[in-house]
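A.B. asks: Got a predicted structure plus its sequence, pasted below:
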Amino acid sequence: MSTSEIPAEAPENQGETENVEPTNDDQKEETEPDPIPKAPVDNVIEPVLNEVLPKDSTPKKPVSKEPMMKQKSPTEQDRRSTLSNFPLTESEIISELKKADESARTTMGLINELRNDIQQFQQKDDMTEDDVKTLQGLHADLMQKLSDFDALAMHIQKLLGLTAKSSGELGSLQHDYPEQLVEGQPSSNRSSKEESISQNKKILHDLQKNLPRVVVCGRRHEDDVPKIIICDGQPKKEELSPPTRDVPEKDGSKTKKEDHLNSVGDGSKPGIDPTNLAQCNLMDLCNLLKQASLNCGQLPCGQPQSNETMEALQSQINDLKHKMSLMSRENAKLQKKLQTTQSRPVICKKKLCQKISGAISESETCSLPAANGDVAPDKELEKQIEVMESVVANIKNEVSNVQNQRKTLKSQQQLLQCAFAHQPPRQKELAIQHQQAGFESNPCTKQLEGQLRDLNEQYCRLDCEFKDKVRETAHLRTEVQARDKIIEQITERCYLAEARVEDLVDRLNMFDAERRQEMADQAKYSDMKHQSELAVQNWKEVQQELEALQIFVEDRDNEIESYRNKYLKAQQDMEEQKRYVEKLHVQSCEVKEQLLTEVQQYKSQIQEKIAELLPLPDKLRNAELKMTLYQQNIEELTKELIEAREIIASFNATSSLSKDEKDLLMEELAKKEARVLELQNENLEYKAVLLRFEELTQQNEWLYEEKVHEVTQLSAQLTTLREESARIGANLKEHHEISKQRFLERISALEKELASSRAVASAASKERDAVQSQMEKQMNNLNENFSQAQSTIKTLKDQISYLKAST
């Protein structure tokens, strides 16, 4: 029982309480009266240390005001004497407790990290095989850390020297509680029940001397640290009544009290229903333990007790308490979600679609679906909405066509009105013209009159058609207005339908999210159940710790062999690296030779290019000479042309030559001009050849410069490669020497560790033999205790059945 889970009872005189700090010289100080708060204890280790440690060893602190179940009682002197002899006053135990606290914090940090990793893996939708393997590994690590934590708690309990109860006390959990008083019962029953309550109070008061003064209870929900609590005080009156809890009715409005500790079956076999026990909260379990302590007082005092087994069972019970509290909270959350989902009204999609299409009025209500969920699918809604959208689009197209026709008719009407307003009839104009002209009718006038008649008939026909069109437009206008109203109604209905569809989609999403949350809660519940089963099976793993020592020694031997193998591998690596350095040296020599050969090749190529470029200047000179000759020829030809033109002009001006001579002169002139054109084209070709030769010379010069630059770079790289190869060789030699020294030191240290581990293994084997003998003795004692407890349980059951039958 922990004070964090059971509310402390205020004493009758709430005005004054005493917090005692024992000193080495038996000095006692009384604190000022302070009312005890009703909040539960969150941190109990610090006030216990403040009360127990002497003033010389620890600094003075204000006295803790947290409720520690303290009360003025006739056994307070005994309590002070026990606190003075409490083992926490020893400095070694305090240091061990601090170390245990630090290790507990580190383990709890690791446990929280593992839990977070497991939750991240569990939140994934698609789990691969690798994820499953990693999750199993994380789960195994978490269980190992939890077992380490339990071992640490057992170590703390051994340090504190707690008194353990025999296993016969566990059978008292199956006894019934005194029934709760109900209004309307006769006074005789009430008086008998009041007497039984007073007897239970006396028994509790007498049992305070025998019960343990210090309890290491389960972990706290905030930081999962085990609590060390001094149990002192009297139970409340409410604790004597059977545990009850509020259970919601089916309609979710009222609540009723439900008793979790009624007898199972028809009433002939008293006991506790396991289903109700799983639903009990922490207060109920505490009351069960208190009733167990009451029944333990009635057992004979000479029974043997086993400390270690009771401590282990007590720690397991506390762990189960914590897990059951978490399960009860999750169950409460799930019940709230179920109530919310059941209270929501369900809308039928079929009626909603019919309302949208106009078959059912909006005043009609939608009936609830059947238990199996007979609701129309979303595809029908989507089809109906698509049909309505197509109808609306057709109506809009028709309306746009009618509006276009109206516009064209209005424009034609305006044109006709303007034409007939400004122009008089054709017959009147012709009659006026005939009267003014005064001549008689002729065939032309008859034709004009026939045309006028035709025009008049067309005009009358057009006038009638125009009036019909006006009527049709008016009729269409009314139809368009009616259709506009229908379209507005349909659009309003579409908006309503879209809003309702969005509401339905939101609700579906909510239901889907709630369903996923329920699935996650169910998965968590199954995980918690699995963890509870594993916690029940953890006590079996204690027997395997002795075998783990042998495995540890074998592992150390394997490690030493692995270190030796690593040393041999390191030597092999040394030799391989030496070979690698030699290879690098050979490769550097090969690179040198390749570079020299390439440089020679480049030099030969450059010389060949220079030999190819040597005849180019002579060719350029010859080309220039030819150019000068051609230019002289061109100048001479131009002079001859000019002279010929002058001669021709003089001939044309002075004398009239014969046609044959003129033709000959023209032919010669054409020949000369053709010759001039040929010479000009040859001149242009020679100029292009000159430009090409100049470009080739420039390119060859650029290539020569690039090759010279590459040769310089390659020579510089060759020098750097030589320096780096020498540097790498020196570094490798130094590194190998250092690694040799390290391996030698490591081998010497491992030999020392091997000797120490062998000594530890021999000592552990001796301890194992001793522990095995002790365990065999304790198991025999436990078997005897169990047999005695079963006999006492049978006798108590018979007594209770007899008392029930008599009442």
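C.D. replies: Looks like it arrived, so ask away.
A.B. asks: In terms of secondary structure, what does the strand or helix carrying residue 449 contact?
C.D. replies: Using DSSP states H and E, residue 449 sits in helix 443-537. Where contact means 3 or more CB pairs under 8 Å, 6 or more residues apart in numbering; DSSP states H and E, helix 443-537 is packed against helix 307-343, helix 349-357, helix 378-422, helix 426-437. Yep, even glycine has a C-beta here, placed from its N, CA and C like the rest.
A.B. asks: What helices and strands are in contact with the next helix or strand after it?
C.D. replies: Downstream of helix 443-537, the next assigned helix or strand under DSSP H and E is helix 545-613. Under the contact criterion of 3+ CB pairs under 8 Å, 6+ apart, helix 545-613 touches helix 659-806.
A.B. asks: Could you pull up the mean pLDDT of the helix it packs on?
C.D. replies: On average, the pLDDT along helix 659-806 is 80.
A.B. asks: So which elements touch it?
C.D. replies: Judged by 3+ CB pairs under 8 Å, 6+ apart, the packing partners of helix 659-806 are helix 307-343, helix 545-613, helix 616-654.
A.B. asks: What angle do helix 616-654 and it make with each other?
C.D. replies: Put simply, helix 659-806 runs at 130 degrees to helix 616-654, going by axes from the mean of the first three to the mean of the last three CA atoms, to 10 degrees.
A.B. asks: how much space between residue 573 and residue 732?
C.D. replies: 11 Å (CB to CB, to the nearest Å).
A.B. asks: These two: which is more packed in?
C.D. replies: Using other CB atoms under 10 Å, the more surrounded residue of residue 573 and residue 732 is residue 732, with 16 against 13.
A.B. asks: Spit out the contact partners of the more buried one.
C.D. replies: Residues in contact with residue 732 (CB atoms under 8 Å, 6 or more residues apart in numbering) are 577-578, 581.
A.B. asks: cool, and residue 503?
C.D. replies: Residue 503 neighbours (CB under 8 Å, 6+ apart): none.
A.B. asks: Who are the packing partners of the helix or strand where residue 137 lies?
C.D. replies: Assigned by DSSP H and E, residue 137 falls within helix 129-160. Counting by 3+ CB pairs under 8 Å, 6+ apart, the packing neighbours recorded for helix 129-160 are helix 91-122, strand 214-219, strand 226-230, helix 307-343.
A.B. asks: Buried residues, it. List them.
C.D. replies: For helix 129-160, burial by neighbour count (16 or more other CB atoms under 10 Å) applies to 135, 138-139, 141-143, 145-147, 149-150, 152-154, 156-157, 159-160.
A.B. asks: Stretch 679-697 too?
C.D. replies: So, applying 16+ other CB under 10 Å, stretch 679-697 has no buried residues.
A.B. asks: With just CA atoms, put that stretch into PDB.
C.D. replies: Extracted as PDB, the C-alpha positions of stretch 679-697 are listed here (Å, rounded to 0.1, in the frame of the first residue of the first chain):
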ATOM      1  CA  LEU A 679      41.000  37.700-113.500                       C
ATOM      2  CA  GLN A 680      39.100  39.300-110.700                       C
ATOM      3  CA  ASN A 681      37.700  35.900-109.600                       C
ATOM      4  CA  GLU A 682      41.200  34.400-109.600                       C
ATOM      5  CA  ASN A 683      42.400  37.400-107.500                       C
ATOM      6  CA  LEU A 684      39.600  36.700-104.900                       C
ATOM      7  CA  GLU A 685      40.500  33.000-104.800                       C
ATOM      8  CA  TYR A 686      44.100  33.800-104.100                       C
ATOM      9  CA  LYS A 687      43.100  36.200-101.300                       C
ATOM     10  CA  ALA A 688      41.000  33.500 -99.600                       C
ATOM     11  CA  VAL A 689      44.000  31.000 -99.900                       C
ATOM     12  CA  LEU A 690      46.200  33.600 -98.200                       C
ATOM     13  CA  LEU A 691      43.700  34.000 -95.300                       C
ATOM     14  CA  ARG A 692      43.500  30.300 -94.800                       C
ATOM     15  CA  PHE A 693      47.300  30.000 -94.600                       C
ATOM     16  CA  GLU A 694      47.400  32.800 -92.000                       C
ATOM     17  CA  GLU A 695      44.700  31.000 -89.900                       C
ATOM     18  CA  LEU A 696      46.700  27.800 -90.100                       C
ATOM     19  CA  THR A 697      49.800  29.400 -88.900                       C
END
